[in-house]
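>>> Curious how this folds, go ahead:
(2 chains)
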Amino acid sequence: MSQPESAVADAQAGGRGGQEPLAKLAARYGLRRAIARPRFPVYVRQLWERRHFILTYATSRNVSKYSSSALGQLWQVLTPLLNAAIYYVMFGLVLGGKGHIHNYPAFLLTGMFTFTYTQRSVTAGAKSISGNLSLIRALHFPRASLPLAYTIQELQQLAISMGVLLVIVLITGEPIALTWLLMPVVLLLQTLFNVGAGLVMARLGASMRDLNQLLPFITRTWLYASGVFFSIQEKVVGTAHLPQSVADVMYYANPAASYIEAMRDILITSDGGHTPPDSVWISCVFWAVFALCFGFWYFWRAEERYGRG
Amino acid sequence: MAELTEELSLVKAEEPAVAGTDGKAKPQPKPAAVSAAQPKTAATPPLDVPTGTPTVIVDDLHIIYRVYGAASDAEKGNAVNALTRILRRQGRPQMKEVHAVKGVSFVAYHGDAIGIVGRNGSGKSTLLRAIAGLLPPHSGAVYTDGQPSLLGVNAALMRELTGERNIVLGCYAMGMTPAEVKEKYQEIVDFSGIDEFVQLPMSTYSSGMGARLRFAISSAKTHDVLLIDEALATGDREFRKKSEQRIRKIREEAGTVFLVAHDLRVIEETCNRVIWLHKGKIKMDGDPKEVLAAYNKG
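Numbering: from 1, shown residues only, chains lettered A, B, ... in the order given. Model prediction:
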């Protein structure tokens, strides 16, 4: 009892000896420490109880995001389209990346839209904690709600872009195929991966303030490595004469490349048509499960430290 | 108790300027004109202890803040400096530590309405955040019964959205269920008195209307321990009456209310106990009339 205030407080507490440490007093009345990280299963349950907040927050952000720009949500579609147009001219026509790829415009756009979804989720995830400090310092909720809401926001926007993508793929001459029904499956797996990746990035972004500056370079490198505007198979094995195993590693060790590959196999069927090979499916599922589990665990480990400093 | 006098003299000694605790409050390096005639200060017990069951116990709490971007011009954002820093493995100079709360201890009881007064940067908001469990203590601890909630729903609201959407968003942010939101919606609209403005974006509201809506939303939930930070500062007189009534109601529902306000009248009218924070320490704790009188003098 070195602090005079403690002694005062104890005296107020009804003169219970005046010397009783406050910690004991707290224990006697069953008061708990304000800061404590819940166990993992409890955390997941709390998160589930907050599902309405997560959804409303995502929708609200979507509504308010484009409320000030003239073209509004159209930008969601315009951005990847404009990007794809630039890549089409640069890599497809000028540099000849087109190679022997069947239906190059559909190939490019499918890759672009699929990659953009993951890229945006990762970028948004990195800002989800560091950009919401005032909210974190004001209210109680499982912090994972924020990165989750950000990924859901991207998912809501994706619905529009995927509609546009289907239309464009049709225009480029692809027939409507039964395999299109697999599209939601791939999107679901990709979403799970994005949630996990967003959670990891959220924790990293909360502690590393320079991450947001660095992220554009990382995602651009990732874009080039994912074979969005060229075929990994053709470049690695055909042009560079590297062994097939190198191409396999580039396909399966890179989740973005796996999802892009699966999406292309499903949507572009006019070259004879085939569903994605088992190895691609395995890779898609593995990355989804791994990222989700690791992401939640990794994010939860620092739960009580978000918002500090 | 022997250290009491020592502690007090420490408080009186001029310390380096205490920086803002929540980023908004600017440090006010006013000379602390503390009158020497206050030996009775910290030893004043509260006059009416409501029920004797503690709800919040703060035990020798220290909060140290890390503030970014507080560097002086000489060491700011220079690439060469940044590089030398990395080579020498030093931390960023923009990061400063602020010892905002320095060893605060007290016990709050069921039915207490505690006003917290003090100058800008004296640690009031930080203390509230720590009680709410939103800031981890550097040392010491906060023990609470149930989950204290900061009346701070504004951080979740979005100015571009209509009042209607914001009410729903705010309620969910506080952890309500859809059924509760439905039930409380009309009550919130009525209490805030914004009427048909509820259909308009919040960015079109006057500051008073915004404050009313925020208070209406955040006080719609039943709280065991409610922490209010300057919420009553805005709003017209009629609304202030209404909010005071609501605070009283929360107290009656066996809760505990903490209130930070610069308007001492509000504190005098709603609180049964006042804590005077000065530079992160409790300077006085007790009956509102006595503490406020001393505070006004000091």
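>>> how would you label B:G52: helix, strand or coil?
Using DSSP: H, G, I helix; E, B strand; the rest coil, the structure places B:G52 in coil.
>>> Now do the same for residue 217: its pLDDT.
Going with chain A. On pLDDT, A:F217 comes in at 92.
>>> could you do chain B instead?
B:I217 carries a pLDDT value of 86.
>>> What separation do you get for it and B:S192?
The spacing between B:I217 and B:S192, counted by CB to CB, to the nearest Å, is 8 Å. All C-beta spots, glycine's among them, are computed from the backbone N, C-alpha and C.
>>> secondary structure element for the spatially closest residue to B:S192 that is not a sequence neighbour?
Spatial nearest neighbour of B:S192, chain neighbours left out: B:A216 (3.7 Å); criterion: CB to CB, 6 or more residues apart in numbering or on different chains. B:A216 belongs to helix B:207-218 when assigned by DSSP states H and E.
>>> Equivalent analysis for A:L109, please.
helix A:104-130.
>>> Now do that helix: which elements does it pack against?
helix A:74-87, helix A:145-171, helix A:183-207, helix A:211-225, helix A:255-267 (3 or more CB pairs under 8 Å, 6 or more residues apart in numbering or on different chains; DSSP states H and E).
>>> And the next helix or strand past that helix?
Counting by DSSP H and E, what follows helix A:104-130 is helix A:133-136.
>>> I'd assumed A:L78 was in contact with A:S161.
No. Using CB atoms under 8 Å, A:S161 is not in contact with A:L78; the gap is 9.9 Å.
>>> How far away from the center of its chain is the helix holding B:A216?
17 Å (CA atoms, centre = their mean, to the nearest Å).
>>> so what does it touch, helix or strand wise?
helix B:163-173, helix B:178-192, helix B:237-252.
>>> How far off centre is the longest one?
What separates the centre of helix B:237-252 from the centre of its chain is 18 Å, taken as CA atoms, centre = their mean.
>>> which residues are contacting the helix or strand following that helix?
Of the helices and strands lying after helix B:237-252 in sequence (DSSP H and E), the nearest is strand B:256-260. With contact meaning CB atoms under 8 Å, 6 or more residues apart in numbering or on different chains, strand B:256-260 is reached by B:55-56, B:108-117, B:124-125, B:128, B:131, B:224-230, B:232, B:247, B:250-251, B:266-267, B:270-271.
>>> and those residues near chain A, which?
Near chain A, taking CB under 8 Å from any CB of the partner chain as the test, the members of the contacts of strand B:256-260 found are B:55-56, B:131.
>>> Would you show me how to pick out the buried ones of those residues in ChimeraX?
Selection of buried members from these for ChimeraX, criterion 16 or more other CB atoms under 10 Å in any protein chain shown:
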select /B:55,56,131
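>>> Narrow the ones next to chain A among the contacts of strand B:256-260 to those in helices?
Residues of these located in helices (DSSP state H): B:I131.
>>> picking up where we left off before, among the contacts of strand B:256-260, which ones are buried?
The buried subset of the contacts of strand B:256-260 (16+ other CB under 10 Å) comprises B:55-56, B:108-117, B:124-125, B:128, B:131, B:224-230, B:232, B:247, B:250-251, B:266-267, B:270-271.
>>> Comparing A:S161 and A:L78, which shows the higher neighbour count?
Taking other CB atoms under 10 Å in any protein chain shown, A:S161 and A:L78 do not tie; A:S161 has more neighbours (22 against 13).
>>> Do you know the pLDDT at that one?
81.
>>> ok now do it, which residues does it touch?
With CB under 8 Å, 6+ apart, A:S161 has these contacts: A:76-77, A:80, A:113, A:116-117.
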